[in-house]
Structures are given as C-alpha cells and as structure tokens.
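> Okay, sequence plus prediction incoming.
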Amino acid sequence: MVKVAISKGEDIKARTKKSLEEIGGINKVVGKGDKVFIKPNIVDGAPFITGEVVQIETIEVLVKESFDAGASEVLIGETPTYRKHTETIKRYMRLAKDTGAKFLELNSYPYVEVNVENPRFFNKVRLSSFLLESDVFINVPTLKTHLSCGITLAIKNMYGLIPPEDRMFYHSINRVEEAIVDLYKARRADLIVIDGTYTTLHLGPRPLEDFKETFRLNLTIAGFDPVAVETVSAKILGVDPSSLRYLKWAEEDGLGTMDLNQIEIVGVPFEEAYFGKAVDIVKYVNERMENSKIINFGACTGCLQISTSVWRMSRILQSAAKDKRIICVIGPKIKTDELKKSLGGDEVIILCGYCAAPTFYNGLEGHFIPGCPPQPEDLQRKIREVLKL
C-alpha cells in the first residue's frame with residue numbers, strides 16, 4: 001500500500017508538520033550532511049491570496065525540518081517567470097536569509113542535459129544543475145487546476161526547473177504533458193508536499209480581481225508516490241484522474257499508482273477534505289464568452305486545449321459571428337439527447353476529436369475535426385471557414 005497523508009486546519013505550519021508525521025517524518029528522506037533542494041511553485045510571484053503560490057509557512061516548516069534532520073544545506077529554487085521581485089518573492093528571499101537557506105533564481109545558473117530512460121517522448125531534457133547535484137529533492141506544488149493539463153501539482157511543478165526557452169518550446173509543439181512526465185523521470189522527487197491552503201485555476205498573470213475561482217481549503221497533502229498523491233488531490237478537487245493523460249502515462253511508465261485500492265489515505269478522511277467544485281478551463285471560458293460555448297462530455301486533457309483556442313478567438317467570434325453561435329463539443333461520453341436539450345437550433349456545431357466523431361449510431365451532426373487530440377490550428381481554421389472570416 002502507498003500512503004497519502006491529508007491534514008486540514010487554518011494553521012499552515014501545524015498541518016504541514018502533521019502531514020509529515022503521518023508519512024513517517026522528513027527523516028525518511030533527509031539525513032545528516034544531505035544537501036536538500038526544495039522546489040516551491042512560485043510561478044509569477046503572485047500574491048499569496050490568489051492560491052497561485054505556495055504559502056511561505058509551508059516552506060518555512062520544510063526548511064527547518066530539513067536542518068533539524070541534519071541537512072548541511074537547504075536550497076529553495078525556481079526558474080522565475082516574473083520580471084521583477086514582487087512582495088511574494090521578497091518574502092521568500094527574507095525567509096531564506098532568516099532560516100539559513102539559500103534562495104535561487106535558477107535561470108541565473110547552469111542547466112544540465114540529462115538522458116531519460118524509456119522516455120514518453122523526449123529522450124533528453126535539461127534540468128537545473130543545483131537540483132541534479134542535491135541529495136534530496138522536495139517537490140512542493142500548490143493545489144491547482146490547469147488550463148491544459150487538468151491539474152498542476154508535483155509532476156507539472158518540474159516545469160519550474162528547466163530553462164525558459166525549453167518551457168516555450170514544449171508549449172509551442174503541444175507536448176507539455178509528455179515533457180513533464182519525462183522531466184519527472186529524469187529526477188524523481190524524494191518527497192511531495194502539496195500546499196492546499198487555496199485552490200485556483202492556473203492561467204498565468206492576471207489581475208487580482210480575476211481570481212474568482214480561488215477558494216480556501218486549508219489542506220496539506222503529502223506522500224512519496226507522485227501518481228498516488230495527484231490521484232487523491234484530483235479527486236479532492238472533483239477532477240476525474242482518468243481524464244489526465246499525463247497521469248495515466250506516469251502510471252504506465254512506472255512512476256506510481258492510480259489504483260485507489262493500493263492507496264492508503266491517512267490523517268483527515270477523504271470525505272472531510274473533498275471539495276469537488278474546482279473550476280476547470282471549460283467552466284472558466286464558458287463564463288466569459290457570450291456567443292460561443294464548449295460542452296464537455298468527459299474529455300481528457302488532450303482536448304482541453306480546444307477550450308483555450310476558442311477563448312483566444314473569443315474577441316473575433318464576438319465581432320464576426322453576430323447572429324451565429326459556435327458550440328464546440330468534446331469528450332467520449334456524448335449523449336445526443338442531452339446535447340440537443342442545450343441547443344436552440346441555430347448554432348454552428350463543431351465536433352472536436354475522434355471521441356466526438358459523428359456516426360450512424362450516435363446520430364451526431366456538425367462540422368467534424370479529426371484528431372486525438374485535434375490540433376488547435378485545425379479548430380481555428382474550421383471556425384474561420386464556417387463563419388467565412
């Protein structure tokens with residue numbers, strides 16, 4: 001059995017310590033003389049109340065616990081996407097100074113190319129030299145949903161350990177999910193501690209008032225198996241783990257288990273931690289578009305990119321579509337009767353991906369875009385074609 005600890009409470013330090021205790025303590029991975037690398041999710045240095053950034057108290061506990069366990073050095077590292085030191089970043093810097101740790105902006109230091117055994121797609125990746133030289137790697141993400149990966153936790157947190165240009169490249173070829181699995185294989189975390197003080201949807205920099213989907217949960221989730229930890233975390237948020245391509249790939253490639261029968265939840269019972277109302281990209285986009293809609297029938301993360309493409313075209317659609325309403329249908333569990341109930345009869349239906357292919361049996365009608373997943377440029381091309389833009 002694989003243990004995943006859940007603790008709950010407003011006191012961030014207390015519940016972080018409790019989660020560590022539930023899985024046997026930090027001494028299970030940190031020993032005398034070890035060089036410890038802690039990777040918090042800091043992204044753009046957003047305010048702590050957005051839920052985008054790991055709360056400083058979580059890292060303070062991990063730093064102090066590491067030193068108490070005998071660590072000779074503790075590094076806190078992130079490849080920044082911010083352009084200036086926000087108050088959040090300054091607090092991280094002060095924490096490092098006050099506790100004897102070191103705060104590193106990794107893009108100022110070398111990255112090293114690493115061979116990936118049995119790669120999902122990339123047989124070579126680049127990672128921070130500080131990470132690779134460390135004895136212990138503690139991966140500390142926040143509890144967030146994500147526009148294309150479904151959720152962004154420990155495996156996606158590897159994105160903050162690579163060169164900025166590699167990050168842009170993986171996005172440009174639509175291979176982010178493959179990349180994060182291969183990055184994790186190149187350097188597996190020894191311990192995962194998820195800061196679930198808040199949950200939010202990660203989209204990148206945006207105004208504070210746009211964080212309407214941020215909710216306070218007061219959770220900490222910890223474990224050693226990334227797949228198990230993320231499976232439990234996804235279910236807490238109300239996300240179907242089987243819809244996350246990267247997580248299924250991670251299990252297939254031997255990084256852990258998604259089997260709930262093999263996962264022992266310790267600490268707070270799952271029912272007390274369950275939230276189930278996290279906002280995904282489909283809900284986010286639908287709430288902000290007037291004449292377009294995405295209807296999701298259990299789509300995997302491969303088709304979530306459709307939502308982002310429609311959102312990027314929303315201004316064009318609003319000005320050009322006029323009396324035409326675009327409906328994009330995704331997912332393998334389409335119920336024709338249910339779909340028809342949500343239509344008025346004058347919409348333009350776009351059936352996205354092989355899961356939504358029209359057949360004699362399902363009776364679906366609309367403009368079909370093949371692919372698994374369909375490519376964003378094909379969707380945009382089809383919409384322009386239909387609207388004669």
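Now that the structure is in, tell me what you want to look at.
> Show the contacting residues for Asn139.
Residues counted as contacts of Asn139 (Cβ atoms under 8 Å, 6 or more residues apart in numbering) are Lys39, Ala154, Asn157, Met158, Ala189, Leu191, Ile192, Val193, Pro226. In this view, the C-beta of every residue, glycine as well, is placed from N, C-alpha and C.
> and of the residues you listed, the nearest to Glu377?
Of all the contacts of Asn139, Glu377 sits closest to Met158, with 26.9 Å by Cβ to Cβ.
> so the closest one sits in a helix?
Yes. Residue state for Met158 (DSSP: H, G, I helix; E, B strand; the rest coil) corresponds to a helix.
> can you list the contacts of Asn139 in TSV and add distance to Arg381, neighbour count and secondary structure?
Listed next are those as TSV, based on distance: Cβ to Cβ, whole Å; neighbours: other Cβ atoms under 10 Å; DSSP: H, G, I helix; E, B strand; the rest coil:
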residue	distance to Arg381	neighbour count	secondary structure
Lys39	39	26	strand
Ala154	36	29	coil
Asn157	34	26	helix
Met158	33	26	helix
Ala189	40	25	coil
Leu191	46	23	strand
Ile192	41	26	strand
Val193	44	28	strand
Pro226	37	24	helix
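> I'd like the distance between the residue nearest the centre of the chain and Ile265.
Compute the mean C-alpha point of the chain, and by Cα atoms, centre = their mean the closest residue is Thr152, 1.1 Å away. Thr152 is 21 Å from Ile265, where distance means Cβ to Cβ, to the nearest Å.
> ditto for Asn107
Distance of Asn107 to Ile265, computed by Cβ to Cβ: 37 Å.
> of the two, who's got more company?
Per other Cβ atoms under 10 Å, whichever of Asn107 and Ile265 has more neighbours is Ile265, with 19 against 15.
> That one and Val232 touch, don't they?
Yes. Ile265 lies in contact with Val232 (Cβ atoms under 8 Å); the separation is 6.4 Å.
> joint contacts of those two?
Common contact partners of Ile265 and Val232 (Cβ under 8 Å, 6+ apart): Val4, Ile6.
> next helix or strand past the lowest-mean-pLDDT helix or strand in the chain?
Using mean pLDDT, DSSP states H and E, the weakest-scoring helix or strand in the chain turns out to be helix 314-320, at a mean of 64. Later in the chain than helix 314-320, the nearest helix or strand by DSSP states H and E is strand 325-330.
> From the chain's centroid, how far away is that following strand?
Distance, stretch centre to chain centre, for strand 325-330: 25 Å (Cα atoms, centre = their mean, to the nearest Å).
> Sheet-wise, list the partners of that strand with their directions.
Sheet partners assigned to strand 325-330 using DSSP bridges are listed as strand 292-296 (parallel), strand 347-352 (parallel).
> For Lys39, which non-adjacent residue is closest in space?
Nearest residue to Lys39, sequence neighbours excluded (Cβ to Cβ, 6 or more residues apart in numbering): Asn139, at 5.5 Å.
> I should have written Glu22 there, sorry.
Nearest non-adjacent residue to Glu22, counting by Cβ to Cβ, 6+ apart: Ala5, 3.6 Å away.
> related to what we said a few turns ago, what pairs with the helix or strand hosting the residue nearest to Lys39, parallel or antiparallel?
Here Asn139 is covered by strand 136-140, with elements defined by DSSP H and E. Sheet pairing of strand 136-140 (DSSP bridges) gives strand 35-40 (parallel), strand 191-202 (parallel).
> could you give the mean pLDDT of the helix or strand where the residue nearest to Glu22 lies?
Element membership for Ala5 (DSSP H and E) is strand 2-8. For strand 2-8, mean pLDDT is 98.
> and what of stretch 120-133?
Here the average pLDDT along stretch 120-133 is 98.
> Tell me the gap between it and the middle of its chain.
The answer for stretch 120-133 is 19 Å, by Cα atoms, centre = their mean.
> quick one: contacts for the residue lying closest to Tyr274 once chain neighbours are set aside?
Excluding the flanking residues, the one nearest Tyr274 by Cβ to Cβ, 6+ apart is Ile236, at 5.7 Å. Ile236 makes contact with Ile6, Leu143, Gly196, Leu217, Leu219, Ile221, Phe270, Ala273, Tyr274, Phe275, Gly276 under the criterion Cβ under 8 Å, 6+ apart.
> Select only the buried ones of the residues you listed in ChimeraX?
In ChimeraX, this line selects whichever of these come out buried by 16 or more other Cβ atoms under 10 Å:
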select :6,143,196,217,219,221,273
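> taking the mean pLDDT, what do you get for the helix or strand containing Tyr92?
Take DSSP H and E as the rule and Tyr92 turns out to sit in helix 87-99. Average pLDDT, helix 87-99: 98.
> quick one: contacts of the helix or strand just after it?
Downstream of helix 87-99, the first helix or strand assigned by DSSP H and E is strand 102-105. Outside of strand 102-105, the residues within contact range by Cβ under 8 Å, 6+ apart are 73-80, 92-93, 95-97, 130.
> which stretches of the chain form helices?
All helices of the chain, identified by DSSP state H, fall at 12-22, 56-68, 87-99, 129-133, 164-172, 176-186, 226-237, 245-252, 270-273, 281-286, 301-312, 314-320, 336-341, 376-387.
> With respect to Pro47, which of those lies nearest?
Of all the helices of the chain, it is helix 87-99 that lies closest to Pro47, at 6.3 Å by Cβ to Cβ.
> Taking helix 56-68 as reference, get the angle to that closest one.
Here helix 87-99 runs at an angle of 20 degrees relative to helix 56-68 (axes from the mean of the first three to the mean of the last three Cα atoms, to 10 degrees).
> which of the residues in helix 87-99 are buried?
Using 16+ other Cβ under 10 Å as the burial criterion, the residues of helix 87-99 that qualify are Thr88, Ile89, Tyr92, Leu95, Ala96, Thr99.
> So which elements touch that helix?
helix 56-68, strand 73-78, strand 102-105 (3 or more Cβ pairs under 8 Å, 6 or more residues apart in numbering; DSSP states H and E).
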